[in-house]
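A.B. asks: Need coordinates for the following:
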Amino acid sequence: MQLLSSLPISNIEELAAAMPETGQTVTYTPVGGTRIAESDLFTLREEVLSLARAHGMPDSLNNSSEFEGRAARLLRERLNISPNEASHEEVWTYLTCCWLLDIAVWRFGAQADRRRFIGNINRNTFRRLWWRAEVLGPDIDLTQLGEDELVNIMERPTVASDLRLARAVAREFLSRVDRGAADSRMQLMREAMKRLLRLTPMIAFAALNEGELQSIIEEIFNAAAAGLAGHPATVSGRHRAEDQVLHSASSSSVEPSAGVVRIPRITIGDVAFPPRPPADSMRDQDFDGAAATALQIVRTTGRVTNTNLREMVAITSGEAREVLQALVRDGRLARRGIRRGTYYVLAEAAVDDDIAES
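C.D. replies: Purely as a prediction, here's the structure:
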């Protein structure tokens, strides 16, 4: 921040003349790696600067996607650092402020968010480019991806942390763009990513083989394209057959092992949009059923909350509170936590915990 306030960042030519700033104290990681030589940093600066001049520097930037795509490859090739090293903010603050600040200011302007110049994970001018090349690999043409499309992949930690998944998404998207199958490419990517993220709690993408992963990504994009066109999404015959097998298995008459408590099966729709109870107060049988369910949950999972109970029984938040408080008064449950962190445990378990703590 001292450098940013002392260097002439409002004048590109003066700033370029002041680069590089080699008077700063530099430290290195205490374990492993080869220390980068100053001569390598001079070479890196010259190559990035040459690329920037080819795209308009010091005047207006032309073709930002091409510049950033090529710069990403260049940075990744010249900075052959480990992902651990590349995850440190200080690395990118030093490279940006001491070696490439004029290029960063030209790219985003002197009045840009200071996170463009310090090593912020998603905003630093060069850190985000290095990681795009690292995550998407050498086979994806980064110059063909727009900023919004890259952000949809790179700023989703669930996706970007799985290199195979991120690359499969990029390949499928670019394939559709190349063959003209995307009327609105930005909307297609956004819709596909929403559908993909909804699947991540239920599918272990890292456990899929290449064929399975590609098949699911294709179906996600097919559904996204159909939705944007106003058509209902369809499921492939292979997945319909799998669903039938799973349904047959779940509806079999196999009894659970001794000690396993069966709880009613619910769906995401049941949780999100449970049927509402009548407006009048709970009937005695409804109250008893809700109380039994609450005890079943706590015996199964060790605790029960207002939300847990409402997921299993079609009652309101106030009614769930009445049920749980009644069980506390009866000495069957004990309350723990405060406010939104409130939960209930079996009374005998609470007594054991209190004795252990004392």
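A.B. asks: Now do the strands in the stretch 251-358 of the chain.
C.D. replies: 333-336, 343-346 (DSSP state E, counting those that start in this stretch).
A.B. asks: out of the ones you listed, which comes closest to Glu147?
C.D. replies: In terms of CB to CB, the element of those nearest to Glu147 is strand 343-346, at 43.5 Å. The way it works is simple: take the backbone N, C-alpha and C, and place the C-beta from them, glycine included.
A.B. asks: how about low-confidence regions in the stretch 151-300 of the chain?
C.D. replies: For the stretch 151-300 of the chain, applying pLDDT under 70 flags the ranges 182, 233-254, 264-285.
A.B. asks: need the helices for it, in chain order.
C.D. replies: Counting by DSSP state H, counting those that start in this stretch, the stretch 151-300 of the chain has helices at residues 157-160, 163-178, 185-199, 210-228, 237-250, 268-272, 284-301.
A.B. asks: can you redo those as a markdown table with distance to Arg262?
C.D. replies: Formatted as a markdown table, the helices of the stretch 151-300 of the chain follow (distance: least, CB to CB, whole Å):
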| stretch | distance to Arg262 |
| --- | --- |
| helix 157-160 | 32 |
| helix 163-178 | 35 |
| helix 185-199 | 27 |
| helix 210-228 | 31 |
| helix 237-250 | 12 |
| helix 268-272 | 17 |
| helix 284-301 | 9 |
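A.B. asks: Could I get the buried residue list for stretch 137-145?
C.D. replies: For stretch 137-145, burial by neighbour count (16 or more other CB atoms under 10 Å) applies to 140, 142, 145.
A.B. asks: Just give the closest residue to the first one, not the sequence neighbours.
C.D. replies: If I follow you right, that is Ile140. In space, and not counting its chain neighbours, Ile140 is closest to Ala170: 4.8 Å by CB to CB, 6 or more residues apart in numbering.
A.B. asks: Need the phi and psi values for the closest residue to Ala133 other than its chain neighbours.
C.D. replies: Distances taken as CB to CB, 6+ apart put Arg76 closest to Ala133, at 3.6 Å, once the chain neighbours are dropped. The phi/psi pair for Arg76 (degrees, to the nearest 10) reads phi -70, psi -40.
A.B. asks: Who are the contact partners of Arg76?
C.D. replies: Arg76 makes contact with 130, 133-134, according to CB atoms under 8 Å, 6 or more residues apart in numbering.
A.B. asks: Quick one: the residues you listed as JSON lines, columns for pLDDT too.
C.D. replies: Formatted as JSON lines, those follow (pLDDT from 0 to 100):
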{"residue": "Trp130", "pLDDT": "97"}
{"residue": "Ala133", "pLDDT": "97"}
{"residue": "Glu134", "pLDDT": "97"}
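A.B. asks: Most neighbours among the residues you listed, please name it.
C.D. replies: Trp130 (24 neighbours; other CB atoms under 10 Å).
A.B. asks: Give the helix, strand or coil label for that one.
C.D. replies: Classification of Trp130 using DSSP: H, G, I helix; E, B strand; the rest coil returns helix.
A.B. asks: residues touching it, list them.
C.D. replies: 72, 75-76, 79, 86.
A.B. asks: do Leu309 as well
C.D. replies: For Leu309, the contact set (CB under 8 Å, 6+ apart) comprises 290, 293-294, 297, 315, 320, 323-324.
A.B. asks: Just the buried residues of these.
C.D. replies: By neighbour count, with 16+ other CB under 10 Å, those hold 290, 293-294, 297, 315, 320, 323-324 as buried.
A.B. asks: which among the residues you listed gets closest to Ser60?
C.D. replies: Nearest to Ser60, judged by CB to CB, of these is Ala320 at 60.1 Å.
A.B. asks: Including distance to Leu51, could the contacts of Leu309 go into a markdown table?
C.D. replies: Shown next, in a markdown table, are the contacts of Leu309 (distance: CB to CB, whole Å):
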| residue | distance to Leu51 |
| --- | --- |
| Ala290 | 66 |
| Thr293 | 64 |
| Ala294 | 64 |
| Ile297 | 60 |
| Ile315 | 63 |
| Ala320 | 61 |
| Val323 | 66 |
| Leu324 | 64 |
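A.B. asks: farthest-separated two in these?
C.D. replies: Using CB to CB, the contacts of Leu309 reach their maximum pairwise distance at Ile297 and Ile315, which is 13.4 Å.
A.B. asks: burial count for Ile338?
C.D. replies: By the criterion of other CB under 10 Å, Ile338 has 7 neighbours.
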